[in-house]
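Participant: Return atomic coordinates for the entry below.
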Amino acid sequence: MSCSCFGASKFRRRRSSAHHEIEGNLLGNIKRFSYNELSSATDNFHPSNKLGRGGFGTVHKGTLKHGIEVAVKKLSAQSKQGLREFMTEIDTISNVRHPNLIELVGCCVEESDRILVYEYAENNSLDRALLGSKCSNIKLDWEKRSAICLGTARGLTFLHEELVPHIVHRDIKASNILLDKDLNPKIGDFGLAKLFPDDITHISTRIAGTTGYLAPEYALGGQLTMKADVYSFGVLVLEIISGRSSARANWGGMEKFLLEWAWQLYEERRLLELVDPEMEGFPEEEVIRYMKVAFFCTQAAANRRPLMSQVVEMLSRNIRLNEKELTAPGLLTDSGASTSKKESVSESTTYQMSSVPVTITQVTPR
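Facilitator: Down below sits the predicted model:
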């Protein structure tokens with residue numbers, strides 16, 4: 001018997017038939033869960049079942065009837081949209097299907113509660129596998145790391161270029177890349193950003209001194225395009241290769257963020273020093289090519305960054321990269337200013353975009 005995600009109290013049962021009809025239409029094809037059903041599945045959202053917490057809420061592992069495991073995200077803030085608009089967006093997200101996107105399987109909306117139910121990723125997040133305890137049983141060799149990079153790129157390509165209407169994720173980071181039992185990457189939280197006010201996520205908090213994943217033109221000027229996701233993906237690739245966090249500012253024995261340190265190593269022709277010492281027996285030329293692709297993704301001017309479909313091409317084929325077009329990446333200084341050559345720019349200044357045409361690759365096998 002299916003459960004209405006609007007509950008079953010006497011008060012709710014007395015609602016008009018017209019209201020029930022509206023609710024049914026709003027929910028579309030989404031699986032409907034009651035709050036009690038999800039509370040039971042997660043042992044009343046017990047801390048022992050907590051999988052993590054992100055900008056949109058807390059996630060718990062749940063086990064439904066028949067033993068089906070799910071990830072239950074209890075949203076932590078009210079949507080900026082009304083019920084009808086909220087459910088329309090959720091219905092849209094639930095119909096998005098791709099091997100590298102986490103699947104939304106259901107929802108619950110009762111009173112002020114907004115809960116989303118996703119497929120369960122057995123190996124949790126890339127953040128935990130990559131940057132968590134070294135006691136983890138997950139060993140990420142180059143084959144696995146490169147597959148995670150490529151799978152994530154394919155998922156973003158689908159969101160940006162194949163899905164209609166297109167989705168800009170806005171929050172690409174290691175904790176939003178989930179890993180299934182075979183360590184296949186699945187992007188989570190896509191499509192949620194526009195449901196909520198910007199100030200409930202990390203995106204617009206303007207954290208001084210944190211390069212993180214934010215493209216400078218977005219962090220400073222609010223210019224949101226697909227190229228902001230591309231920038232974040234480039235930083236993610238450097239994290240995957242190095243096994244280091246982009247949020248810390250002490251790499252290379254200096255007060256440098258990961259991207260800044262990586263660029264210095266590139267200029268000094270010492271890129272291999274960035275590679276995670278835990279990763280052994282890797283193909284040096286291929287790893288260096290991935291890092292150079294990351295630099296193309298993090299160019300200071302958004303229109304110098306490739307499309308995600310171009311990124312997939314550069315990662316999946318042994319092609320010659322046109323490094324003459326490569327310039328310093330866009331960085332945020334510890335004062336919150338944007339710089340590619342250490343110029344000082346005030347936080348209130350709109351980040352200026354270059355109009356230089358881009359030729360990123362020569363699609364010719366080596």
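Participant: I figured Ala147 hits Leu179, correct?
Facilitator: No - between Ala147 and Leu179 there is no contact under Cβ atoms under 8 Å: 10.4 Å. (C-beta placed from N, C-alpha, C; glycine too.)
Participant: who's more crowded, the two?
Facilitator: A side-by-side neighbour count of Ala147 and Leu179, using other Cβ atoms under 10 Å, places Leu179 first with 23 against 15.
Participant: Next up, the contacts around the more buried one.
Facilitator: Residues near Leu179 by Cβ atoms under 8 Å, 6 or more residues apart in numbering: 121-126, 129, 138, 148, 185-186.
Participant: Tell me which of these fall in strands.
Facilitator: When strands are assigned by DSSP state E, the members of the contacts of Leu179 inside them are 185-186.
Participant: Please pick the buried ones from the contacts of Leu179.
Facilitator: The neighbour count (16 or more other Cβ atoms under 10 Å) marks 121, 123-126, 129, 148, 185-186 as buried among the contacts of Leu179.
Participant: Just the element for Met314, please.
Facilitator: Under the criterion of DSSP states H and E, Met314 resides in helix 308-316.
Participant: tell me which strands and helices that helix is in contact with?
Facilitator: Other elements packing on helix 308-316 under the criterion 3 or more Cβ pairs under 8 Å, 6 or more residues apart in numbering; DSSP states H and E are helix 142-157, helix 226-242, helix 284-297, strand 361-365.
Participant: And these: which comes nearest Arg170?
Facilitator: The minimum distance between Arg170 and the helices and strands packed on helix 308-316 falls on helix 226-242, with 6.8 Å, by Cβ to Cβ.
Participant: So Leu224 is in contact with Arg170, correct?
Facilitator: Yes - the pair Leu224 and Arg170 qualifies as a contact (Cβ under 8 Å) at a distance of 6.7 Å.
Participant: more neighbours, those two?
Facilitator: Arg170 (23 against 17).
Participant: Model confidence score at that one, please.
Facilitator: In this model, Arg170 is scored at 86, pLDDT.
Participant: picking that back up, how far is the helix or strand that the helix holding Met314 is followed by from where the chain is centred?
Facilitator: Per DSSP H and E, helix 308-316 leads on to strand 319-321 as the next helix or strand towards the C-terminus. Its chain's C-alpha centre lies 27 Å from the corresponding centre of strand 319-321 when counted by Cα atoms, centre = their mean, to the nearest Å.
Participant: And for stretch 110-126?
Facilitator: With Cα atoms, centre = their mean, you get 15 Å for stretch 110-126.
Participant: In contact with Glu239, which residues?
Facilitator: Taking Cβ under 8 Å, 6+ apart as the criterion, Glu239 is in contact with 130-131, 174, 245-246, 258.
Participant: Lowest-confidence one in those?
Facilitator: On the confidence scale, these reach their minimum at Leu131, with 80.
Participant: Name the nearest residue to that one, sequence neighbours excluded.
Facilitator: Closest residue to Leu131 in three dimensions, ignoring its sequence neighbours and counting by Cβ to Cβ, 6 or more residues apart in numbering: Ser245, at 5.5 Å.
Participant: is it true that the one you found touches Leu259?
Facilitator: No - here Ser245 lies out of contact with Leu259, judged by Cβ under 8 Å, at a distance of 11.5 Å.
Participant: With neighbour numbers in mind, choose between these two.
Facilitator: Neighbours were tallied for Ser245 and for Leu259 using other Cβ under 10 Å; the higher tally belongs to Leu259 (25 against 16).
Participant: now the helix or strand hosting the more buried one, how far from the centre of its chain.
Facilitator: Leu259 belongs to helix 258-267 when assigned by DSSP H and E. Taking the mean of its C-alpha atoms, helix 258-267 sits 23 Å from the chain's own mean (Cα atoms, centre = their mean).
Participant: That helix - contacts with which helices or strands?
Facilitator: Using 3+ Cβ pairs under 8 Å, 6+ apart as the contact criterion, the secondary-structure elements in contact with helix 258-267 are helix 226-242, helix 284-297.
Participant: how about that helix: buried residues?
Facilitator: Buried residues in helix 258-267, counted by 16+ other Cβ under 10 Å: 258-266.
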